[in-house]
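Trainee: Give me a model of this one.
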Amino acid sequence: MSSRAALVPFILLVVGGGMLIGFLTMPGPWYEALAKPSFNPPNWLFGPVWTVLYVLIAIAGWRIWRRDRSGTAMKLWWLQLVLCFLWSPIFFALHQIGLALIVVLALFATILAFIAAAWNVDRPSAWLFFPYAAWVAFASLLNASFWHLN
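Mentor: Numbering: from 1, shown residues only. Here you go, the predicted model:
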């Protein structure tokens, strides 16, 4: 498989995996009944934001994979993906707001560690994670607010 063709599995894994998890753990009556902070975005916003972020995550992973498949940045890329994919089932399916907060904070730390590790390996990959870091920082605040209010 050519290096460029390898981007396709990355996109399928990240975007497809994220969409599947989102579909399987859609917010339902439990989420609707939660007290929400005043800055809670409308539900329709999450799908488009995560789709864009998933594409950026996939491209960053592919770029790092092409340069250093077994390096620290690649390992952190896989760890952030696992943590990212764990959050929705923990929050929406298991209704464990506190545990979800721990996961999202670990995710944020892993994203920052990825940025630091990728900086000298492939700077564009590091930059691709900045919007992700910003969104997950906001998601951490949102999750903490849900935990506090409920």
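
Trainee: Spatially nearest residue to Phe146, not counting backbone neighbours?
Mentor: Excluding the flanking residues, the one nearest Phe146 by CB to CB, 6 or more residues apart in numbering is Ile97, at 5.3 Å. Every residue, glycine included, has its C-beta placed from N, CA and C.

Trainee: Just want the phi and psi numbers for that neighbour.
Mentor: phi -60, psi -40 (degrees, to the nearest 10).

Trainee: contacting residues around it?
Mentor: 91, 143, 146-147, 150 (CB atoms under 8 Å, 6 or more residues apart in numbering).

Trainee: go on, Phe108?
Mentor: Listed by CB under 8 Å, 6+ apart, the contact partners of Phe108 are 133, 136-137, 140.

Trainee: Which of those residues ranks first by neighbour count?
Mentor: Val136 (25 neighbours; other CB atoms under 10 Å).

Trainee: hmm, who's touching the helix or strand hosting that residue?
Mentor: Under the criterion of DSSP states H and E, Val136 resides in helix 130-149. Applying CB under 8 Å, 6+ apart, the contact partners of helix 130-149 are 34-37, 39-40, 49, 52-53, 56-57, 91, 97-98, 100-101, 104-105, 107-108, 111-112, 115.

Trainee: Give the buried residues for that helix.
Mentor: Of all the residues in helix 130-149, those buried under the rule 16 or more other CB atoms under 10 Å are 132-133, 135-136, 139-140, 142-146.

Trainee: Would you mind giving those residues as JSON lines with distance to Gly71 and pLDDT added?
Mentor: Formatted as JSON lines, the buried residues of helix 130-149 follow (distance: CB to CB, whole Å; pLDDT from 0 to 100):
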{"residue": "Tyr132", "distance to Gly71": "19", "pLDDT": "98"}
{"residue": "Ala133", "distance to Gly71": "20", "pLDDT": "98"}
{"residue": "Trp135", "distance to Gly71": "25", "pLDDT": "98"}
{"residue": "Val136", "distance to Gly71": "22", "pLDDT": "98"}
{"residue": "Ala139", "distance to Gly71": "27", "pLDDT": "98"}
{"residue": "Ser140", "distance to Gly71": "27", "pLDDT": "98"}
{"residue": "Leu142", "distance to Gly71": "32", "pLDDT": "98"}
{"residue": "Asn143", "distance to Gly71": "30", "pLDDT": "98"}
{"residue": "Ala144", "distance to Gly71": "32", "pLDDT": "98"}
{"residue": "Ser145", "distance to Gly71": "36", "pLDDT": "98"}
{"residue": "Phe146", "distance to Gly71": "36", "pLDDT": "98"}
